[in-house]
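>>> no sequence for this one, just the structure:
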């Protein structure tokens with residue numbers, strides 16, 4: 001049997017996996033409170049706190065998710081109770097099967113709690129030693145300075161703040177101080193004998209604490225979930241999730257519902273003080289281009305409260321993002337303000353934000369008429385951008401009546417002008433709703449811009465951002481007489497870049513939000529088969545090998561250095577030698593997937609709802625069911641269930657706006 005010092009030595013030389021992670025959190029909480037989780041449910045309870053992992057010794061064999069081959073770990077959001085907050089890991093070691101369930105509860109501030117329930121079982125009598133290893137190395141591992149164990153409370157206090165509390169079974173703790181060369185490590189351990197087919201359950205929780213950080217010690221202690229028992233925690237997480245996601249979808253393909261709920265969870269978990277973030281921790285600012293897609297997704301899943309908070313925050317910010325002032329921002333700001341108003345009719349609120357809409361139209365006017373480079377200031381740029389003079393450049397002189405802009409350090413002008421067109425069209429709608437005289441002028445400006453885009457920008461269509469922006473989300477060129485021209489340009493690009501010569505998916509390996517939006521536009525332009533070729537692959541990516549839907553951005557190690565240069569150090573996060581991709585979960589992609597999946601089921605066409613626009617033939621087999629519950633639309637909420645009878649006839653149960661049509665008839 002390995003002794004304690006041997007386990008410590010092995011733990012010190014074992015890095016965190018560094019390949020994939022997800023975050024567990026609450027929209028209202030501080031991001032430092034977010035729990036980072038790796039395959040197998042090795043986790044860090046809050047950013048740069050410590051790493052907590054389960055180690056199992058059977059005879060002289062050590063089994064831990066930190067060291068097991070990835071293909072021996074089943075991991076992901078569990079379907080039990082239909083709640084993504086339950087993250088389940090399963091693996092086996094010398095005949096011992098481990099099922100580790102983990103969930104998180106948080107609230108405003110930084111007093112989250114992680115709840116753990118570990119079931120161990122074996123077909124034969126089996127003596128084992130079980131360890132909870134607490135060390136600086138972990139998914140978001142930081143420096144451990146102090147560890148204190150209380151036998152009376154079965155609690156390990158970490159850095160005088162966080163606490164690991166064991167409920168069952170009875171365990172002891174051994175702390176290796178590490179000396180001058182290393183930080184302390186704690187081994188919370190017990191030896192027991194598993195009886196045939198009689199599970200043993202380990203239950204513990206971690207209560208977050210940051211008393212070693214600035215201005216935390218004076219705060220009141222004892223958060224909403226402090227001291228809550230493990231089973232109560234799991235029950236509360238389930239109840240909270242039912243409230244957190246009002247709008248649901250279901251289909252014969254279980255991946256659809258799984259990705260809907262996982263994408264919604266990632267979007268909510270990465271928020272801070274109820275404001276959207278592209279990703280937890282690594283994007284600590286409101287980035288306009290991504291943020292407005294997330295605000296739209298919040299509205300689509302029924303979280304109008306959070307969408308309102310975000311839109312109120314955004315309203316006075318004409319530009320916001322790590323790269324400075326960019327030309328697409330004014331149109332994007334109008335788009336999110338107006339679309340929130342369309343889903344949530346409130347003349348008083350629309351009137352309150354109308355000055356912000358009008359001011360943005362002023363920017364559109366100036367950019368379209370610019371005769372020299374225009375500059376604008378953004379205060380929340382990322383640090384490297386402050387050393388880049390181009391970050392204050394908003395646009396170059398206009399060309400052919402179109403904005404010649406800056407976005408992502410170059411000039412994808414079809415993309416930029418599509419957002420400008422959306423800004424004009426939706427500003428016109430807002431003005432009409434409020435009886436403002438500007439409506440006619442802005443409508444005329446939109447018409448002129450659209451004609452200029454068709455004449456001068458559509459022939460140059462081909463930047464990978466172009467098929468991302470029209471007809472969704474901007475509505476640009478989506479109606480006659482221009483729709484056919486857009487359709488031809490789009491499908492030519494899509495078949496060349498998203499499909500190979502045999503018509504199979506050619507995945508977007510780095511910028512996954514592009515592929516999701518391109519699929520969405522293939523569907524809206526009538527190319528359902530081509531859309532599903534790529535959507536099927538993205539659903540597979542989300543659910544296999546692990547059902548986490550943790551979409552990536554960028555190459556391994558390249559997307560997680562934005563605020564902290566995490567990739568330059570030795571601890572935590574993703575490592576270039578093991579990571580499957582960059583920053584994750586990336587919530588531009590999460591939000592794009594929510595919008596795409598929503599269009600599969602429900603889509604507005606003027607004053608008509610279109611049901612099942614993206615429903616594939618595989619869903620129309622006898623016994624199949626699909627539909628939505630409480631899905632918001634501009635015409636009112638909709639719920640429906642389609643049941644395919646034994647003779648293959650779809651039967652519809654419907655509740656919602658009167659004007660609708662079904663695409664499967």
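Yep, that arrived. Keep in mind it's a predicted model, so treat the numbers as computed, not measured.
>>> quick one: residue 61 and residue 92 touch, right?
No. The pair formed by residue 61 and residue 92 falls short of the contact definition of C-beta atoms under 8 Å, at 11.6 Å. Yep, even glycine has a C-beta here, placed from its N, CA and C like the rest.
>>> For those two, work out which one has more neighbours and name it.
When neighbours are counted by other C-beta atoms under 10 Å, residue 61 and residue 92 differ, and residue 92 comes out ahead with 15 against 11.
>>> Who are the contact partners of that one?
With contacts defined as C-beta atoms under 8 Å, 6 or more residues apart in numbering, residue 92 is in contact with 72, 98.
>>> Over to the one 4 residues further on?
Residues near residue 96 by C-beta under 8 Å, 6+ apart: 56, 58, 63, 120-122, 126, 128, 194.
>>> Go again with 6 Å.
Taking C-beta atoms under 6 Å, 6 or more residues apart in numbering as the criterion, residue 96 is in contact with 58, 120, 122, 126.
>>> what do you get for residue 493?
By C-beta under 6 Å, 6+ apart, the neighbours of residue 493 are residue 467.
>>> So it lies in a helix, does it not?
Yes. Secondary structure assignment places residue 493 in a helix (DSSP: H, G, I helix; E, B strand; the rest coil).
>>> which is the next helix or strand following the worst-scoring helix or strand of the chain on mean pLDDT?
Lowest on mean pLDDT, DSSP states H and E among the helices and strands of the chain sits strand 61-63, with a mean of 92. Past strand 61-63, further along toward the C-terminus, the next helix or strand under DSSP states H and E is strand 74-77.
>>> which other helices and strands contact that next one?
Counting by 3 or more C-beta pairs under 6 Å, 6 or more residues apart in numbering; DSSP states H and E, no packing neighbours are recorded for strand 74-77 among the helices and strands.
>>> Centre of the chain to that strand, how far?
17 Å (C-alpha atoms, centre = their mean, to the nearest Å).
>>> So what sits opposite the nearest residue to residue 74 once chain neighbours are set aside in the bridge?
What sits nearest to residue 74 in space, not counting adjacent residues and going by C-beta to C-beta, 6 or more residues apart in numbering, is residue 90, at 4.2 Å. With DSSP bridges as the criterion, the beta-bridge partners of residue 90 are residue 74, residue 99.
>>> avg pLDDT for the strand or helix carrying residue 242?
Assessed by DSSP H and E, residue 242 sits inside helix 230-244. Model confidence over helix 230-244 averages 95 on the pLDDT scale.
>>> Give me the contacts around it.
Contacts of helix 230-244 from elsewhere in the structure, counted by C-beta under 6 Å, 6+ apart, are 81, 83, 85, 103, 105, 115, 117, 167, 203, 205.
>>> go on, stretch 619-633?
The contact list for stretch 619-633 (C-beta under 6 Å, 6+ apart) reads 246-249, 251-252, 302, 343, 601-602, 604, 637-644, 646, 648.
>>> Kindly give a single ChimeraX line that selects the buried subset of the residues you listed.
Only the buried members of those end up in this ChimeraX selection, burial being decided by 16 or more other C-beta atoms under 10 Å:
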select :247,248,249,251,302,343,601,602,637,638,640,642,644
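>>> Next, check the contacts of stretch 619-633 against the helices and list the overlap.
Members of those lying in helices (criterion: DSSP state H): 343, 601.
>>> Which of the contacts of stretch 619-633 fall in strands?
Mapping the contacts of stretch 619-633 onto strands (DSSP state E) picks out 248-249, 602, 604, 638-644.
>>> Looking at those, which one is closest to residue 492?
Within the set of those, residue 604 lies nearest residue 492; the separation is 27.3 Å, counting by C-beta to C-beta.
>>> domains for the chain, by residue range?
The chain breaks down into these domains under automatic domain parsing: 4-242, 315-444.
>>> So for residue 277, which of those sits nearest?
Counting by C-beta to C-beta, and looking across all of the domains of the chain, nearest comes domain 4-242 at 7.2 Å.
>>> What average pLDDT does stretch 594-603 get?
Per-residue pLDDT over stretch 594-603 has a mean of 98.
>>> With stretch 337-345 instead?
For stretch 337-345, mean pLDDT rounds to 97.
>>> now swap in stretch 508-523 and tell me
For stretch 508-523, the per-residue pLDDT averages 97.
>>> Kindly report the same for stretch 464-483.
When the per-residue pLDDT values of stretch 464-483 are averaged, the result is 95.
>>> need the helices for the stretch 501-650 of the chain, in chain order.
With helices called from DSSP state H, counting those that start in this stretch, the stretch 501-650 of the chain shows them at 512-524, 528-543, 587-601.
>>> looking at those, which is buried most?
The highest mean neighbour count among the helices of the stretch 501-650 of the chain belongs to helix 587-601 (a mean of 27), with neighbours defined as mean count of other C-beta atoms under 10 Å.
>>> separation between the residue lying closest to residue 454 once chain neighbours are set aside and residue 470?
Of all residues beyond its chain neighbours, the one nearest residue 454 is residue 482 (5.4 Å), with distances taken as C-beta to C-beta, 6+ apart. Using C-beta to C-beta, to the nearest Å, one obtains 10 Å as the distance from residue 482 to residue 470.
>>> same question, residue 607
With C-beta to C-beta as the criterion, residue 607 and residue 470 are 22 Å apart.
>>> Compare neighbour counts for those two and give me the winner.
residue 470 (30 against 10).
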